[in-house]
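Q: Sharing a sequence plus its predicted fold:
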Amino acid sequence: IIFTTIQKFATEDGEEKFPALTERRNVVVICDEAHRTQYGFKGRLDTKTGEIKYGLAKALRDALPEATFIAFTGTPISQDDRDTQAVFGHYVSIYDIKQAVEDGATVPIYYESRLAKLALKEPLLPQVDEQVDDLFSDEDDIPAAERAKSRWAALEALVGAEPRLKQVAADLVAHFEQRSRTQPGKAMVVAMSRDICARLYQEIIILRPDWQNNEHMEG
């Protein structure tokens, strides 16, 4: 049994394809979180070098051409060139939320959409559009990982804007206190980044100072 990450299958400089590690057929590859990095079989032109580049999934299969692939994921996807079933075949077993609730493995989940709109000043919109265009004008020359980082950072700055966090904190406090009157329990907040978590926490404490306590079992 060998544990590894798919990044280990990146090709070296000047290498056209990842070399085969074994031609054996009795190799089973189990991919966890299979909705991520298990695609990229279509070639992409690198405009700087003129080379055709492929994703890590192709390199993994070049390394183990006769292996059998099995995948695990909680969120299978079906998009243009990223389709979990197209890559790994039909589902062998499905354990969904309904079954998990019936088994007592998790509590029921109820979804209520609550939208915290992001307001941008009208005079600044053309300026923002221009900056975004500049940022991604040469994105074909930016490695995919770096593009993702840039997009994530830009989105995080918008989502974590101070006025929006104040709005989210106020809505969260009001909603939690209202629900607690009829359905006592706990709340868990999931945010986009650690930074946003920390700043949202501060906004909540401003509204409810008595919720703050340095003892982690209190507050």
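A: Looks like it came in fine.
Q: what's the burial count for the closest residue in space to residue 160 that isn't next to it in sequence?
A: Closest residue in space to residue 160, ignoring its immediate chain neighbours: residue 196 at 4.3 Å, by C-beta to C-beta, 6 or more residues apart in numbering. For glycine as for every other residue, the C-beta is placed from the backbone atoms N, C-alpha and C. Using other C-beta atoms under 10 Å, residue 196 has 18 neighbouring residues.
Q: Extract the C-alpha trace of the longest helix along the chain and format it as CSV.
A: If you go by DSSP state H, the chain has its longest helix at helix 162-182. These are the backbone C-alpha positions of helix 162-182, laid out as CSV (Å, rounded to 0.1, in the frame of the first residue of the first chain):
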residue,chain,number,x,y,z
GLU,A,162,-16.0,45.2,6.3
PRO,A,163,-19.6,46.5,5.5
ARG,A,164,-20.6,43.1,4.3
LEU,A,165,-19.2,41.4,7.4
LYS,A,166,-21.1,43.8,9.6
GLN,A,167,-24.3,42.9,7.7
VAL,A,168,-23.6,39.2,8.0
ALA,A,169,-22.8,39.4,11.7
ALA,A,170,-26.0,41.4,12.5
ASP,A,171,-28.1,38.9,10.5
LEU,A,172,-26.5,35.9,12.1
VAL,A,173,-27.0,37.2,15.7
ALA,A,174,-30.6,38.1,15.0
HIS,A,175,-31.4,34.8,13.3
PHE,A,176,-29.6,32.7,16.0
GLU,A,177,-31.4,34.5,18.9
GLN,A,178,-34.8,34.2,17.2
ARG,A,179,-34.3,30.4,16.5
SER,A,180,-33.0,29.8,20.0
ARG,A,181,-36.3,30.9,21.5
THR,A,182,-38.0,27.8,20.1
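Q: now it, how far from the centre of its chain.
A: 25 Å (C-alpha atoms, centre = their mean, to the nearest Å).
Q: for stretch 11-29, same thing?
A: Between the centre of stretch 11-29 and the centre of its chain there are 27 Å (C-alpha atoms, centre = their mean).
Q: Next, the distance between the ends of it.
A: Start and end residues of stretch 11-29 are separated by 19 Å (C-alpha to C-alpha, to the nearest Å).
Q: same thing with stretch 13-26?
A: End-to-end distance (C-alpha to C-alpha), stretch 13-26: 30 Å.
Q: same thing with stretch 17-28?
A: Across stretch 17-28, first to last residue, C-alpha to C-alpha, it's 21 Å.
Q: next one: stretch 27-38
A: 18 Å.
Q: for stretch 43-61, same thing?
A: Distance across stretch 43-61, first residue to last, is 15 Å (C-alpha to C-alpha).
Q: neighbouring contacts of it?
A: The contact list for stretch 43-61, computed with C-beta atoms under 8 Å, 6 or more residues apart in numbering, reads 6-7, 9-11, 17-18, 29, 37-42, 67, 69, 87, 140-141.
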